[in-house]
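Engineer: Quick one, what's the 3D model for this:
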Amino acid sequence: MSTPAYDDQNVFAKILRGELPSHKIYEDDNTLVIMDIMPRGDGHILAIPKEPSRNILDIAPEDLSSLMATVQKMARAVLKAFDADGTTIQQFSEPAGGQVVFHTHVHIIPRFEGVRLKPHTGEMADNDLLAAHAEKIRAALA
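Structural biologist: All right, here's what the predicted structure looks like:
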């Protein structure tokens, strides 16, 4: 299987360039964390590397290392912010793996005993709710 080239017009590339808005949670030299606008649960966030890559199959090892350090930090933050019982961490690679946006990203979703993930409907969440959740997670990082 040959991997298609990286497309710099994907939504996360546009967010990284400041061309599209997002609810930013955390940023360092190598990564950005934003709210997922179609959350499968309260506090669902996305960690993305700043360097271009399609997914785990082509990301540089050092970018993956930085990304996973951020994922761990953010998993701890969402647990604290939402008093969650656990987290689900997801990364999808290529269409057959469920990937829809072709810039490497990791889903971090706070989880609660007995509460199922919401289905991925393609509907955007209320912007005020996303802003409130973003503030809650930023406060947990402080």
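Engineer: Mind telling me what element Lys136 is part of?
Structural biologist: Lys136 is located in helix 127-141, with elements delineated by DSSP states H and E.
Engineer: Likewise for Val71?
Structural biologist: Assigned by DSSP H and E, Val71 falls in helix 61-82.
Engineer: what does Tyr6 give?
Structural biologist: Using DSSP H and E, no helix or strand contains Tyr6.
Engineer: Let me know the pLDDT of it.
Structural biologist: Predicted confidence (pLDDT) for Tyr6: 94.
Engineer: How about the contacts made by it?
Structural biologist: Residues near Tyr6 by CB atoms under 8 Å, 6 or more residues apart in numbering: 52-54, 58, 102-103. Every C-beta, even on glycine, is put in place using the N, C-alpha and C of the backbone.
Engineer: same question, Gln90
Structural biologist: The contact partners of Gln90, by CB under 8 Å, 6+ apart, come to 106-107, 109.
Engineer: Could you report the distance from it to Ala142?
Structural biologist: 26 Å (CB to CB, to the nearest Å).
Engineer: what does His105 give?
Structural biologist: 24 Å.
Engineer: neighbour count winner among the two?
Structural biologist: His105 (25 against 5; other CB atoms under 10 Å).
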